[in-house]
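Trainee: below is the sequence, then the predicted model.
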Amino acid sequence: MNICRWLLVFVSSLGFAANTEVQEECKRATVPLVAQIPGWCSQQKAAAMMDLVFQVNPKICVEIGVYAGASFLPTAAALKCLGHGIIYAIDPWDNYEAVRLFPPENAHYQYWSSINFYYVFGVFQNLIETHGLEKHCCVMRMTSAKAAPLLRSIDILHIDSSHCDESALNDVLLYIPKVKVGGYIWFEAWDGAPNAFEVAKKNCHVKKVLDSGRCVLLEKIEG
């Protein structure tokens, strides 16, 4: 290797090391915050979500089921750290939509019908403003069915909507075809939606399992 080429490789390696350190600092600052946000994102999952964004360098991420933003923040913060990319945050923040597929005696019906979604949505909006994430997110306050025709190619998809097999299956059928081959799908609480998970796996393989099996990362291997 001649001296010019060696210097080019050396300088490039310095840039990579600097970028890696910036990303690690972003993780150290972001991951502990998820415990302070209403929701159900573990720090293990938050760290893995940020690692995936740094690995994939995505243009388009989509999260279905945002609530107050606990699992939205890791992806959005990682995109901000990279300086590009956008996450579409899809959630109607609406009691009717949250319970309509559950019978009244179901525990999910009773829980979600009691939630003040007006307050939760306000917490989410404040999260975006506090962390300066406006340039890297698009809030879509609507059902996933209404949002689907507005989206095309997806690099990273996060399905964390109503933990009902019918709802999850609809999201799988609508959104996984939009994920690029080689793209990734986070599937949350799949044990409550076994049929949806089986359909999701048809064109994917399991890359990672987190949170004692509640969260699975799939890689799409064919269209």
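Mentor: Structure's in. What do you need?
Trainee: listing partners with orientation, what would you give for the lengthiest strand in the chain?
Mentor: The single longest strand within the chain, with elements called by DSSP state E, is strand 179-188. Taking DSSP bridges as the criterion, strand 179-188 pairs within the sheet with strand 154-159 (parallel), strand 215-220 (antiparallel).
Trainee: need the winner for burial among those strands.
Mentor: For the strands paired with strand 179-188, ranked by mean neighbour count under the definition mean count of other Cβ atoms under 10 Å, the leader is strand 154-159 at a mean of 25. Any C-beta I mention is one placed from the backbone N, CA and C, and that applies to glycine too.
Trainee: state the mean pLDDT of that strand.
Mentor: Averaging pLDDT along strand 154-159 yields 97.
Trainee: just give me the residue closest to the centre of this structure.
Mentor: Central residue check for the chain by Cα atoms, centre = their mean: the C-alpha nearest the mean position is that of residue 158, 3.9 Å away.
Trainee: and that residue, what are its bridge partners?
Mentor: Residues found in beta-bridge contact with residue 158 (criterion: DSSP bridges) are residue 63, residue 186.
Trainee: residue ranges of the strands in the protein, please?
Mentor: Under DSSP E, the chain gives strands at 60-64, 86-90, 137-140, 154-159, 179-188, 204-210, 215-220.
Trainee: now those strands in CSV, with distance to residue 54?
Mentor: Putting the strands of the chain into CSV (distance: least, Cβ to Cβ, whole Å) gives the following:
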stretch, distance to residue 54
strand 60-64, 12
strand 86-90, 14
strand 137-140, 18
strand 154-159, 11
strand 179-188, 13
strand 204-210, 15
strand 215-220, 14
